[in-house]
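Chemist: Have a look at this fold, sequence not included:
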């Protein structure tokens, strides 16, 4: 990676951005908070908090089934949120945007409703070694039911997918390719367009786990030509408990519903039920209305920013962090892909990652420690866990320096 000079000018005004995030302006253990656990969840700007608060204070009503003023206003705001999501990922139609609880539910929905309905014994699903458990376990469950088998793309020492191995895995039995757009444990940005093109040539559909991608760079699902794309609001500065499944319209139309209940029906009798059109067929029950409004507020907030300058700022952060890590005695970076975003995953010799995280917390620095719901990947790199500092647009070079000062204190305790 290119060395970054600490005081180089940046067109991205981090100080102004930080002012929008209330939670960042506090102290932890009498130290200014340095929040570097963004791959787990991002903080929320004032506009998102206000959007959720405004709904409950002024607009709270159920959607779609009421004819009174509050219900109509809530319904309009909810459906406008769907349109905001559609524009954000450049889907062709709002019918292709299904609101779910998060990426995990979206993947489970595709696994059960698409995979469960179509897979047969001997069919193949291709995953990668770097997948989050949420993109492994649902497919294992489907394989147990259908007799399909999993194939896994290996990861190189740099933390990149072995694309030749992927090409070799593809066959006329391949039905589904499911992979992460960006690794939560390594920061690797995968060449998903190339992977998707090869999968389509083999007659397979592609699901992309976009949880770690959408907050860092624009996503265009039509250009990617993926069949399904999933992400969570809380990873992109929005509320918890709400997320998105994008699916091509013809695929969603053909899939059976995920759950039964209100909203997802046209008619119900004890003899037969007919289902609603998409996306409502997959949105049984009262949805997370406030969450959808908060998600829309987060996406609108992001769209007001200079995304190019933001991406460059985040790239500067990870490159600067890599430079500092390369000079730090006893530190081993896990994941040095040529294309990666804001994750510094590492181990420090003779200090368990949980101890590293605990000591950093005493200095007000929040990082994640553990297997990051990626146990197969940890085994690939022969480590039980890593410490993971994950950056967002509101992080600064000074905070990276604070991270390494904290690591210095941790090392001194074990000296």
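Modeler: Received, thanks. Please read all numbers here as calculations on a predicted model, not as lab measurements.

Chemist: Mind jotting down where the strands sit in the stretch 301-415 of the chain?
Modeler: In the stretch 301-415 of the chain, the strands defined using DSSP state E, counting those that start in this stretch lie at 331-333, 343-348, 365-366, 368-370, 386-390.

Chemist: Partner strands of the first one, with direction?
Modeler: Within its sheet, strand 331-333 is paired with strand 343-348 (antiparallel), according to DSSP bridges.

Chemist: Can you tell me what sits against the partner strand?
Modeler: Applying CB atoms under 8 Å, 6 or more residues apart in numbering, the contact partners of strand 343-348 are 39, 183-187, 212, 318, 321-322, 325, 330-335, 353, 356, 372, 383, 385-391, 407, 410-411. In this view, the C-beta of every residue, glycine as well, is placed from N, C-alpha and C.

Chemist: How about stretch 391-407?
Modeler: For stretch 391-407, using CB under 8 Å, 6+ apart, the contacting residues are 4, 6, 12, 14, 17-18, 21, 24, 34-36, 38, 42-43, 215, 305, 310, 313-314, 316-318, 320-321, 324-325, 328, 331, 342-344, 348, 356, 359-360, 363, 365, 367, 389.

Chemist: before we move on, the earlier item: may I see the PyMOL selection of the buried members of the contacts of strand 343-348?
Modeler: Burial among the contacts of strand 343-348 is assessed by 16 or more other CB atoms under 10 Å; the matching PyMOL selection reads:
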select buried, resi 39+183+184+185+186+187+212+318+321+322+325+331+333+334+335+353+356+372+383+385+386+387+388+389+390+391+407+410+411
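
Chemist: Just the contacts of strand 343-348: which are in helices?
Modeler: Residues of these located in helices (DSSP state H): 318, 321-322, 325, 353, 356, 407, 410-411.

Chemist: Could you export those as TSV, including pLDDT and distance to residue 62?
Modeler: As requested, the ones in helices among the contacts of strand 343-348 are exported to TSV (pLDDT from 0 to 100; distance: CB to CB, whole Å):
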residue	pLDDT	distance to residue 62
318	97	44
321	97	46
322	97	49
325	96	51
353	94	45
356	95	47
407	96	50
410	91	51
411	90	56
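
Chemist: Can you name the two of those residues that sit furthest apart?
Modeler: 318 and 411 (21.7 Å; CB to CB).

Chemist: count of neighbours near the residue nearest to residue 213 when sequence neighbours are not counted?
Modeler: In space, and not counting its chain neighbours, residue 213 is closest to residue 181: 3.9 Å by CB to CB, 6 or more residues apart in numbering. The tally of other residues near residue 181 (other CB atoms under 10 Å) stands at 24.

Chemist: So residue 181 is in contact with residue 189, correct?
Modeler: Yes: with contact defined as CB atoms under 8 Å, residue 181 counts as touching residue 189 (7.3 Å).

Chemist: Now do the shared contacts for those two.
Modeler: Common contacts of residue 181 and residue 189 (CB under 8 Å, 6+ apart): residue 213.

Chemist: Now residue 246, what are its backbone angles?
Modeler: Here is the backbone geometry of residue 246 (degrees, to the nearest 10): phi -90, psi 140.

Chemist: so which of the strands of the stretch 301-415 of the chain gets nearest residue 176?
Modeler: strand 343-348 (26.2 Å).

Chemist: chain center to the closest one: distance?
Modeler: 19 Å (CA atoms, centre = their mean, to the nearest Å).

Chemist: for the record, mean pLDDT for that strand?
Modeler: What strand 343-348 shows for mean pLDDT is 97.

Chemist: so how many other residues sit close to the closest residue to residue 299 other than its chain neighbours?
Modeler: Nearest non-adjacent residue to residue 299, counting by CB to CB, 6+ apart: residue 88, 4.6 Å away. When neighbours are counted by other CB under 10 Å, residue 88 registers 24.

Chemist: Identify the residues contacting residue 88.
Modeler: 214, 219, 299, 302-303.

Chemist: what's the closest of these to residue 68?
Modeler: Distances from residue 68 to the contacts of residue 88, taken by CB to CB, are shortest for residue 299, at 28.6 Å.

Chemist: where does the closest one sit relative to residue 46, distance-wise?
Modeler: From residue 299 across to residue 46, the span is 15 Å (CB to CB, to the nearest Å).

Chemist: More neighbours: these two, which one.
Modeler: Neighbour count, other CB under 10 Å: between residue 299 and residue 46, residue 299 has more, with 23 against 13.
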